[in-house]
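Colleague: With the input below, show me the fold.
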Amino acid sequence: MGWREIVRQVSWIEMQYTDVTGRLRSVSVSCEGRESVRARIDGSSIGVAQVSDSDLVLVADTSTFSRIPWLDRWGRVLCDIYKDEGLRHPLDPRFIAQRLEEHLKETDLRVLLGVEIEFFVFKALETISRFPESAGYRLRLVDRAGGPLSNYQAASDELSGYRAELADTLSKFFGVGIRGHHREVASSQLELNLEAGSPTGIADAVQTVKYAAKALAKSRGLRAVFMPKPLYNENGSGMHVHLSLWRGSRNLFYDPEDKHRLSQLARYFVGGLLHHARALAALVAPTVNSYRRLVPGFEAPVYAVWGFRNRSAAVRVPLALEEGDASVEFRPPDPSACPYLALSAIVLAGMDGIRKSIDPGEPLDSSAYGLSRVPRERRLPSSLVEALDELSSDREFLKPVFPGELIDKYVEIKYREAVEVGSAPSPMEFLKYRDV
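Modeller: Numbering: from 1, shown residues only. Alright, predicted model coming up:
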């Protein structure tokens, strides 16, 4: 959409961009008197520039423009970050996904990604943070999981209207393709299934889902929460990623002669995912809270194993009835991840497996939670610090797309976050240790 057409529809533009950690940020600008959509920002305030040289430029990608339905004469547009005229900023996460697509084009390949994004919707989330005297939280659930069968795909529930409004809004106003949506297993938990697309397009869609879900929940007096594990002893929220690799109209993961219709190339791709799973964790499960989710028994992976239709494995190969269905599903990611970095890293890990012909080993046909004596290299990290250590030592596979300075900055920010969060006593610690 051209700029002239945009200004006929709206008076204000919310220019949205993503920082290194995946947080969506924005600058609002008036359309009056503007020839294009650009804005200066202070890069030092978001951790991507030095205070001595902090001016950066946002350049709108007008193809992402959409009206904001809950604001009159307002629109939003996703932006790329530039250091100056014509020079992209190496710490712009969106640039990484765009570079990945260009990298794949060099070998006439394209990757299709589909995402299942889970999240919680609460009636209220109250936090108390008056350090060091007091700290805690209180949740008010919309509903509770219904016993052994949970609320999974309940035909009617208290959040049906919210789900329908969210799906319609994403589709009609923001151009996000929704394949389906339903109630998930845990209390007050939902899932949206996004139409498959390119790395940049799907990462844009994930950011848009989070933006719209939070805004629409707020309008209903609710709170949408994308942290991976807000509820004790219930399932957490994942962001499962389905991948297939294409050359022209041919799905390279499909082999009609194979018993499971999965090609050898796809198996090598799986091998790469498993080989780099420990390093990937730092990018796909990037918060201290992420590792509350990656524990046995709650449909989240704990071991770098794979299997056909096996939801306890880190990589699940769904049933493929025809060529278009052939794909692999990577299950460790959660919705706290920066989608541009996480999706790009996942693809690069799989491509490294193809390049090196990494054998994934035999598929697991039983629950991974029952495994014993699993070697360290097959165990997903148990903490953010452990994951960051793995990324620091296993980052070569990211080099075709990720600048070294981006990885350095990301690790620096996340180490600092891990120390900050990990050093604060939790409510559970008081319950366990107050009388020792």
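Colleague: what's around E32, how many residues?
Modeller: 8 (other CB atoms under 10 Å). All C-beta atoms are positioned from the backbone trio N, CA, C, and that covers glycine.
Colleague: Tell me who's in contact with it.
Modeller: Residues in contact with E32 (CB atoms under 8 Å, 6 or more residues apart in numbering) are S11.
Colleague: ok, S187 touching A145?
Modeller: Yes - if you go by CB atoms under 8 Å, S187 and A145 touch, sitting 4.6 Å apart.
Colleague: In this structure, spot the helix with the most residues.
Modeller: Secondary structure of the chain per DSSP state H: the longest helix is helix 199-219.
Colleague: Of all the residues in that helix, which ones are buried?
Modeller: By neighbour count with 16 or more other CB atoms under 10 Å, helix 199-219 contains the buried residues 199-217.
Colleague: Please name every helix or strand in contact with the helix or strand that comes right after that helix.
Modeller: Next helix or strand after helix 199-219 toward the C-terminus (DSSP states H and E): strand 223-225. Strand 223-225 is packed against strand 110-130, helix 199-219, with contacts defined by 3 or more CB pairs under 8 Å, 6 or more residues apart in numbering; DSSP states H and E.
Colleague: nearest residue to S28 other than its sequence neighbours?
Modeller: Among residues not flanking S28 along the chain, E14 sits closest, at 5.2 Å (CB to CB, 6 or more residues apart in numbering).
Colleague: Put the alpha carbons of the helix or strand hosting the one you found into CSV.
Modeller: Secondary-structure assignment from DSSP H and E places E14 in strand 12-18. In CSV, the C-alpha atoms belonging to strand 12-18 read as follows (Å, rounded to 0.1, in the frame of the first residue of the first chain):
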residue,chain,number,x,y,z
TRP,A,12,-1.8,8.7,13.2
ILE,A,13,0.6,5.8,12.7
GLU,A,14,1.9,3.6,15.4
MET,A,15,5.4,2.6,14.1
GLN,A,16,6.2,-0.7,15.7
TYR,A,17,9.6,-2.4,15.9
THR,A,18,11.2,-5.2,17.9
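Colleague: Partner strands of it and their direction?
Modeller: Strand 12-18 has its sheet partners listed here by DSSP bridges as strand 24-30 (antiparallel), strand 74-84 (parallel).
Colleague: So which bits of the shortest one are buried?
Modeller: So the one you mean is strand 24-30. L24, S26, V29.
Colleague: CSV please, covering the residues you listed and showing pLDDT and distance to R416.
Modeller: Compiled in CSV, the buried residues of strand 24-30 are given as follows (pLDDT from 0 to 100; distance: CB to CB, whole Å):
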residue, pLDDT, distance to R416
L24, 96, 21
S26, 93, 24
V29, 89, 32
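Colleague: re earlier: now the longest helix of the chain against strand 12-18, angle please.
Modeller: 120 degrees (axes from the mean of the first three to the mean of the last three CA atoms, to 10 degrees).
Colleague: low pLDDT regions in this protein?
Modeller: 1, 3, 33, 47, 49-53, 146-150, 152-156 (pLDDT under 70).
Colleague: tell me the domain boundaries of it?
Modeller: Per automatic domain parsing, the domain ranges recorded for the chain read 7-89, 99-423.
Colleague: measure the last one end to end?
Modeller: Think domain 99-423. In terms of CA to CA, to the nearest Å, the two terminal residues of domain 99-423 are separated by 37 Å.
Colleague: can you check the shortest one too?
Modeller: Chord length of domain 7-89, first to last residue, is 27 Å (CA to CA).
Colleague: got a list of what D143 touches?
Modeller: N151, D157, E158, L159, S187, S188.
Colleague: just how off-centre is stretch 88-97 within its chain?
Modeller: 16 Å (CA atoms, centre = their mean, to the nearest Å).
Colleague: Start the count at 32 instead of 1 going forward.
Modeller: Okay, using 32 as the starting number, the last item reads as stretch 119-128.
Colleague: got the contact list for that stretch?
Modeller: 48-51, 53, 74, 79, 87, 109, 111-114, 230-231, 234-235, 369, 371-372, 374-375, 432-434, 436-437, 440.
Colleague: quick one: buried residues of that stretch?
Modeller: Using 16+ other CB under 10 Å as the test for burial, stretch 119-128 gives H120, P121, L122, D123, P124, R125, F126, I127, A128.
Colleague: Nearest spatial neighbour of the fifth one, chain-adjacent residues omitted?
Modeller: It refers to P124. Y371 (3.8 Å).
Colleague: which SSE is the one you found in?
Modeller: helix 370-387.
Colleague: got it, and S343?
Modeller: Here S343 is assigned to no helix or strand, by DSSP H and E.
Colleague: just the buried residues of strand 55-61 now: which is nearest P406?
Modeller: Nearest to P406 out of the buried residues of strand 55-61 is L55 (CB to CB; 38.6 Å).
Colleague: looking at this, L311 is in a helix?
Modeller: Yes - counting by DSSP: H, G, I helix; E, B strand; the rest coil, L311 is part of a helix.
Colleague: if we can go back for a sec, quick check: angle from the helix holding Y371 to strand 141-161?
Modeller: Using the same axes, to 10 degrees: helix 370-387 against strand 141-161 is 140 degrees.
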